[in-house]
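Chemist: Please work out how this folds:
(chains A, B, C and D)
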2 protein chains.
Amino acid sequence: MTARRKMPTQQDVATHANVSTATVSRVVNDRGIISADVRSRVVLAIQELNYIPDASARALSLQRSGTLGAIIPSLNNAIFAEGINAFERAAQALGYTLILSVSQQDLAREHDLVIKMIERGVDGLLLVGNLHDERVFERLEQTGVRHVCTWAFDENTSSANVGFDNTGSMFDIVDHLTDLGHQHIVMLAGKAHDNDRARDRINGVRHRLESKGLSLPESRVVEVEYSVAQSRKAFNAIIDDKTTAVICGNDVIAYGALLEAQRMGIDVPGQLSITGFDDLSLSAELSPSLTTVQVGADVMGDTAAHQLIRAVENQQGVESTRLTTQLIVRESSGPVRSL
Amino acid sequence: MTARRKMPTQQDVATHANVSTATVSRVVNDRGIISADVRSRVVLAIQELNYIPDASARALSLQRSGTLGAIIPSLNNAIFAEGINAFERAAQALGYTLILSVSQQDLAREHDLVIKMIERGVDGLLLVGNLHDERVFERLEQTGVRHVCTWAFDENTSSANVGFDNTGSMFDIVDHLTDLGHQHIVMLAGKAHDNDRARDRINGVRHRLESKGLSLPESRVVEVEYSVAQSRKAFNAIIDDKTTAVICGNDVIAYGALLEAQRMGIDVPGQLSITGFDDLSLSAELSPSLTTVQVGADVMGDTAAHQLIRAVENQQGVESTRLTTQLIVRESSGPVRSL
DNA sequence: CTGAAAGCGCTAACAA
DNA sequence: TTGTTAGCGCTTTCAG
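Modeler: I've put the predicted structure just below:
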């Protein structure tokens, strides 16, 4: 088991079945017309030899690999895992294999990974967000590799988008809170470095508040790691008596805020409203359940895979799909308590 | 952008730099000795043409792909996502690319995916658990593809294992609970279909209880989906007044039990002790925090990648690594309240 | 130190 | 319907 056995090749099968390699190729790929006799001989030979075709050779010859690439910031983020799960499922259903790389929220690393993906000959590539190294777009354009940027939607990008408007999604949250009378709001945002989604969400909150004569000064925004423990600390540090609501950049951060508030004896939503973003399945189960924004990561992953594959197989461009988010009002947000 | 551009090949670079393709190959792979002059000409040509090597052709020629495959039951399971994250990170650091497929806890599907992986020419393959279609092992053996089964450890498997003993891990939980005086225990196990880990955990609990003169009849075990909502239902259906402790097959199930207990007004751990398995990061944050078993998914993923790559690059067999789990006692378990 | 040539396994015209 | 023959792009002897 330490030595790598020589695997049977198409040639071996051909010899064994007494046909040409072209014929073997034809039956393997179900292409053209083959007599029943020949077909059965080939099939038998394949079974007897335990023949498994070589995808590299096939890709080299076909100039198509049958793979889809995906580069994501992290897998330790339930919502990305969910999106990739759907992406892989759709790809698998359509006969494609997933090549997955993690950029660790580092755009320089992401650039290198994109090159790797091109080397691998992926037929399509999924990226997260619209913020990337410029050279990424150049390379993709130059090589003609189909790609789609997910988790964001911007009318004015050159690349196709399958995602939602991060800025606009926050309007619903802000409107919901201001309707409930909240004016003193803080935001526990996700880390915005190399991350346009986090940045857009902050801007969304800020702009919407400003449009209502309110504001979100720098002092009332903290960027937090994707971690409940980190979020608790951040919450603890920024919370004060005047604050009546905290908007979180994602559900995990919201869990931290919620748990820490409870530990501090702050009543949610009585004294403080808390909102999340993503609508992880746990969010509906907590007590109080979390008001959040549903993003449909599974639809996004599924759609991205389908768009990519359709573009590849029909030799056309990748279409953008604008997904909508939905505000899910639950128990963690409520009216400002009158004094 | 709808037409696939012809990418520059090694041949183009060779012509441009006025050298042979062999030379280009040498500078690209840093192999052999090349004069400074030639090297710089080649490097320049590569940049000017934006040359990106073709991994398929390389793999075909080298009979090595530089990829590692992984087939996991699901990505919507935080602990697998964590393990794969570590696996990918290690692979990436060592120059390998990850090919990931999801079997959806279906061994028949897994078998097909293994064939796909062999077609892709993965240099090494990660599988979860020791329960697989027999033909999987035959194929792997026959083709000589290095592989490792994770999330389990059994002395008597033919395949290398990088994991822990699921049966034995439950002994710690059982001992902990019986030490606290618990005798009426129920188990909310993970779905055991096509899943030796879940099965082993059930057996672990049962055997350990029996060794102490206690028992875990079928009527006190329910298999539950990996879902907080499902777990709440199952908990609700099985809980009764006599039960003083519930052992859960994983942390997510435990969250469901805990939240439902709280909703029902059951005091944890006053009236009921609850334990989990996995030690997800949230488990330490909940209130009460969850007594659970830490499995070190990141170490497992990292180790698996290293073992695989070492085996490939040194032409040797894959070594097994026995990982240990650790009981983490927190607030959700306590002594049986004396009546 | 560099080039020429063969070959990795498969597919795709083009003939037969 | 089936076989023959070129490659696909890269690496690797083997010469020079």
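Chemist: mind checking how far A:G256 is from A:G276?
Modeler: According to CB to CB, to the nearest Å, A:G256 stands 10 Å off from A:G276. Just so you know, the C-beta spots here come from the backbone N, C-alpha and C atoms, and that holds for glycine as well.
Chemist: Might you list the low-confidence residue ranges for chain A?
Modeler: A:1-5, A:338-339 (pLDDT under 70).
Chemist: Can you tell me which residues in it are near DNA strand C?
Modeler: Within chain A, the residues that sit near DNA strand C (CB under 7 Å from any atom of the strand) are A:6-7, A:9-11, A:21-22, A:24-25, A:28-29, A:31, A:53-54, A:57-58, A:60-62.
Chemist: Look up the closest residue to A:T292, ignoring the ones flanking it.
Modeler: Closest residue to A:T292 apart from its sequence neighbours, by CB to CB, 6 or more residues apart in numbering or on different chains: A:G276 at 3.8 Å.
Chemist: And the residue of the stretch 101-250 of chain A closest to DNA strand C?
Modeler: A:G121 (12.7 Å; CB to the nearest atom of the strand).
Chemist: which non-adjacent residue is nearest that residue?
Modeler: Once flanking residues are discounted, A:G121 sits nearest to A:S65: 4.2 Å by CB to CB, 6+ apart.
Chemist: Could you tell me which residues within stretch A:204-219 count as buried?
Modeler: A:204-209, A:214, A:216 (16 or more other CB atoms under 10 Å in any protein chain shown).
Chemist: Distance across stretch A:159-175, terminal residue to terminal residue?
Modeler: Taking CA to CA, to the nearest Å, the first and last residues of stretch A:159-175 lie 31 Å apart.
Chemist: before we move on, the earlier item: could you tell me which residues make contact with the residue nearest to A:T292?
Modeler: A:248, A:250-251, A:253-255, A:283, A:290-293, A:332 (CB atoms under 8 Å, 6 or more residues apart in numbering or on different chains).
Chemist: rerun at 10 Å
Modeler: A:G276 is in contact with A:173, A:188, A:247-255, A:257-258, A:283, A:286, A:290-293, A:328, A:330, A:332-333, counting by CB atoms under 10 Å, 6 or more residues apart in numbering or on different chains.
Chemist: burial of A:R41, as a residue count?
Modeler: Neighbour count of A:R41, defined by other CB atoms under 10 Å in any protein chain shown: 18.
Chemist: swap that for A:Q63, please
Modeler: By the criterion of other CB under 10 Å, A:Q63 has 13 neighbours.
Chemist: Would you check how far apart it and DNA strand D are?
Modeler: Relative to DNA strand D, A:Q63 is positioned 6 Å away (CB to the nearest atom of the strand, to the nearest Å).
Chemist: Now do the phi/psi pair for that residue.
Modeler: Per-residue torsions, A:Q63: phi 60, psi 30 (degrees, to the nearest 10).
Chemist: Ok, A:T275 next?
Modeler: Backbone torsions of A:T275, given as degrees, to the nearest 10, read phi -130, psi 150.
Chemist: likewise the one 3 residues further on?
Modeler: Main-chain torsions, A:D278, degrees, to the nearest 10: phi 130, psi -40.
Chemist: What count of nearby residues applies to it?
Modeler: Neighbourhood size, A:D278 [other CB under 10 Å]: 25.
Chemist: and it, what does it touch?
Modeler: Per CB under 10 Å, 6+ apart, neighbours of A:D278: A:77-80, A:82, A:248-254, A:290, A:292-295, A:297, A:325.
Chemist: Sort out which of those residues are in helices and list them.
Modeler: Among the contacts of A:D278, the members falling in helices (DSSP state H) are A:78-80, A:82, A:251-254, A:297.
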